[in-house]
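Colleague: here is the input, now give the coordinates:
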Amino acid sequence: MEQSFLNWLFTAFGAAIGWILKIIWDAIADLKMDMKALNKEVNEDFVRKEDYRVDIAEMKQMLNRIFDKLDNKVDK
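Modeller: All right, here's what the predicted structure looks like:
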């Protein structure tokens, strides 16, 4: 009778530990999915360095043309 009781006790303990580990596993999987979504959302809001440099270069060219036109107007 003692052996049967110990077997049931170990079975119940193993089932409880397994259930807790399953809950932790699912929570980690949910966190990974949330992190992927968050990373995707965060990365959409930022401009890449190379794109920024290209845009700034274009703006500088436009400003130089404007200043050249202003200088030509002042010279006349």
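Colleague: check Tyr52 and give its pLDDT.
Modeller: We have a pLDDT of 91 for Tyr52.
Colleague: whoops, I mixed them up, Asn72
Modeller: According to the prediction, Asn72 has pLDDT 84.
Colleague: can you get me a residue count around it?
Modeller: Asn72 has 9 neighbours, counted by other C-beta atoms under 10 Å. The C-beta positions use only the backbone N, C-alpha and C, and glycine is treated the same way.
Colleague: other SSEs contacting the longest helix seen in the chain?
Modeller: Ranked by residue count, the top helix of the chain under DSSP state H comes out as helix 2-44. If you count contacts as 3 or more C-beta pairs under 8 Å, 6 or more residues apart in numbering; DSSP states H and E, helix 2-44 packs onto no helix or strand.
Colleague: ok now the helix or strand following it, how far from the chain's centre?
Modeller: Beyond helix 2-44 on the C-terminal side, the first helix or strand identified by DSSP states H and E is helix 49-75. Centroid separation between helix 49-75 and its chain, computed with C-alpha atoms, centre = their mean, to the nearest Å, is 35 Å.
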